[in-house]
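Undergrad: A structural model of the following input is requested.
(chains A and B)
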Protein chains: 2
Amino acid sequence: MDNRPIGVLDSGMGGLTAVRELLRVLPHEDIVYFGDTGRVPYGTRSAEIVTHYALQDINFLLGRQVKMVIAACGTVTTTLPDSLVRRFQFPYTGVLSPTVEAALAASRSRKIGVIATATTIRTGAYERELKKRDPEAEVISAACPLFVPLVENGFVERDNKVTRLVAEQYLAPLKEAGVDTLILGCTHYPVIAPLIGDVMGGKVALIDSGRAAADHARRLLAEENLLTDRKTAGKCSYFVSDAPEDFARNASIFLGEGFCGEVARIEITNYPDTI
Amino acid sequence: MDNRPIGVLDSGMGGLTAVRELLRVLPHEDIVYFGDTGRVPYGTRSAEIVTHYALQDINFLLGRQVKMVIAACGTVTTTLPDSLVRRFQFPYTGVLSPTVEAALAASRSRKIGVIATATTIRTGAYERELKKRDPEAEVISAACPLFVPLVENGFVERDNKVTRLVAEQYLAPLKEAGVDTLILGCTHYPVIAPLIGDVMGGKVALIDSGRAAADHARRLLAEENLLTDRKTAGKCSYFVSDAPEDFARNASIFLGEGFCGEVARIEITNYPDTI
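TA: Model prediction:
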C-alpha cells in the first residue's frame, strides 16, 4: 500500500486524456500532472533535447514524491533510451508499449491502423513495435497534423462539420485498407474519438493510448502492492511551465466539464536533468 | 545607391509572404531571410523573451551586412519597445504601422476589420494603432487560430472545403458588421487571400501586411538613396534555426512554385542580444 500520488508528464495539455482515464480506473489515487506548456511541442526537437527536457520533468515529479511516473507524451516515450529507463528506481511507463499490446489484443484481422502527428508517424515507432510483437501484422499509418489544432480550438463536437471533413480525408486510406483496429497515437485524439469512430464505422476498435497507459499503470501498481488504501476521491494537482490561465481555460476540452484542481506555474529549467 | 541585401526576420516561415512581395516590388534587391523555426512561435512568449530573441535575429542579419531590417513578424513588431527601436542605427520597419496606414487609405466607411492569431488580437495592437491615427475608425477584430495550421498543412486552395468552412465561421461577425477593409494581420493569411476574399465578397479591400511592409521598405530605401543599381534579378538566401529540409519543403506554400535559393541552419543562440 502506498498513498503517494501518481506522476504524469506531458509536453503540454494532451496528457490530460491519460489523467481522465486514470480518474476512471483509479479514482482514489492522487495525481500530480506536469505539462511543459512553455516548451511544447517536443515532437519537432532533437532526441538530445527531448531527453534533457524529460529528465527535468521527471525530476520535478519525483520532487513531488510520486510513487510512479507515466510519460503520457508519445515523443518522450519513444525518445528516452532503454538503457536510461532501465536505471529508473521507480515504476515507469510510457504510452507505446501498453497501446501496442491493447491493439494486438483487439485485432482479429491483424490489419492495424495508426494515426498520429507527422513527427510520430515519421519515427515509425508504432509500426516497429507492432511488427516486433507480431511479424504478421499489417500496419497502415497516417499523419493527421490538423487534429491537434482542431482539438485545441474546440472543434471537437461529434457533428463538427470541419473536423468531420478533415477526418474523412485523413482516414480514407485506413478505411480502404480495411483495418479492424485503429491506434489513436496522439494524446489529443481521444477527445474526438466519437467522431473518428463515426468516420471509421462501428466495427473498428479504437485504441486510446491514455486508456492503455492507465490500465497498465493500474496493473503495475497492483502487482507491486502500491495502490492506495484510501476510499475517498483522489486529489489532482496540475503544474505547467507557461501561463496557468491558458491551461485552466482549455483543460475542460480534455477532462470534460468536471475539471477542477489547482494549476500552478513552475520554473522547469531549474530542475536537474540527471537521474 | 547601396547594393547590400535587405534583411527580413520572422519567427518562422510566415515572413516569406513579405519576401514574395519584396520580390515583386524590388526585384533587383538581394534578400537575406532569417526564420527562427527552432523557437517558433513567438506569440505565446513573454515580451522580455521576444525582445531577446528579436535582437539576436537582428544581430544575425546585421552580421550578413544588410542595409535595412524588416521585421515581418507581428509579435516582434508590436513587442520591441519604441525606445529601443529609436536607437537602431539602420533603417528598420515592422508590419504594424505600414499595414494600418494602408488600411486607413483604403477604407471609405471607416469600418475596418482585423483578423490575426489569438495572441495578436489579445494585444489589441492593431485596434490601438488604427484608433490613434483615426479616432473615428470602428474596428472589429476576430482571432482566426486555425488559419495558420491550415496554411502550414497545405489546405490553401481557393476552393478548399475545410478552409472555406472555417473561414465562413470566423469571418461571419466581420461580414455582419459590414467592414469595407480587412487587415490580414498574420503573415500566413495572404496565402489564402483569394479564399478570404470570396467569403468576404468582392467589395472588401484586403490589406496584406507583407505587401504593406514591402511598399514601405521601397519608399524608405528610395528616400535615403539606398536602392540597388543592379538591373539583374536579386539573390535570396534563407537561414533557419531548425531543420532546413522542413523549411525548403514548405517554402513553396508561401512563395509559390518559384521557390529557389539556399537554406542553411545557423545557431541563433550564439548571437548577442544587444544593439
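Undergrad: Could you check which residue of the stretch 51-200 of chain A lies nearest chain B?
TA: With distances taken as Cβ to the nearest Cβ, the stretch 51-200 of chain A approaches chain B most closely at A:Pro149, which sits 4.0 Å away. Quick note: C-beta positions are derived from backbone N, CA and C, even for glycine.
Undergrad: In chain A, which residue is most central in space?
TA: If you average the C-alpha coordinates of chain A and look for the closest C-alpha using Cα atoms, centre = their mean, you land on A:Ala72, 3.6 Å from that point.
Undergrad: tally of neighbours for the closest residue in space to that residue that isn't next to it in sequence?
TA: With Cβ to Cβ, 6 or more residues apart in numbering or on different chains as the criterion, A:Ala72 has its nearest non-adjacent residue at 3.3 Å, and that residue is A:Gly15. A:Gly15: 28 surrounding residues under other Cβ atoms under 10 Å in any protein chain shown.
Undergrad: which residues does A:Gly15 contact?
TA: Neighbour list for A:Gly15: A:8-9, A:33, A:35, A:72-73, A:187, A:210 [criterion: Cβ atoms under 8 Å, 6 or more residues apart in numbering or on different chains].
Undergrad: between these, which is closest to A:Thr119?
TA: Checking the contacts of A:Gly15 against A:Thr119 by Cβ to Cβ gives A:Cys73 as the nearest, at 11.6 Å.
Undergrad: what about stretch A:129-141, start to end distance?
TA: Between the opening and closing residues of stretch A:129-141 lies a distance of 13 Å (Cα to Cα, to the nearest Å).
Undergrad: Name the residues that touch that stretch?
TA: The list of residues contacting stretch A:129-141 from outside it, by Cβ under 8 Å, 6+ apart, reads A:96-97, A:100-101, A:103-104, A:107, A:110-116, A:121, A:124, A:126-127, A:173-174, A:177, A:179.
Undergrad: could you give the mean pLDDT of it?
TA: Confidence for stretch A:129-141, expressed as mean pLDDT, is 97.
Undergrad: are any of the contacts of stretch A:129-141 buried, and which?
TA: A:96, A:100-101, A:103-104, A:107, A:111-116, A:121, A:126-127, A:174, A:179 (16 or more other Cβ atoms under 10 Å in any protein chain shown).
Undergrad: and A:Ile28, helix, strand or coil?
TA: One correction, residue A:28 is His, not Ile. Counting by DSSP: H, G, I helix; E, B strand; the rest coil, the backbone at A:His28 sits in coil.
Undergrad: ditto for A:Ser83
TA: Secondary structure assignment for A:Ser83 (three-state DSSP): helix.
Undergrad: related to what we said a few turns ago, looking at the buried ones among the contacts of stretch A:129-141, which are in strands?
TA: Cross-referencing these against strands under DSSP state E gives A:111-116.
Undergrad: Please tell me how far stretch A:2-19 is from the chain's geometric centre.
TA: What separates the centre of stretch A:2-19 from the centre of its chain is 9 Å, taken as Cα atoms, centre = their mean, to the nearest Å.
Undergrad: which parts of it are buried?
TA: Along stretch A:2-19, the positions that meet the burial threshold by neighbour count (16+ other Cβ under 10 Å) are A:5-19.
Undergrad: try stretch A:155-173
TA: Along stretch A:155-173, the positions that meet the burial threshold by neighbour count (16+ other Cβ under 10 Å) are A:155-156, A:160, A:162-167, A:169-171.
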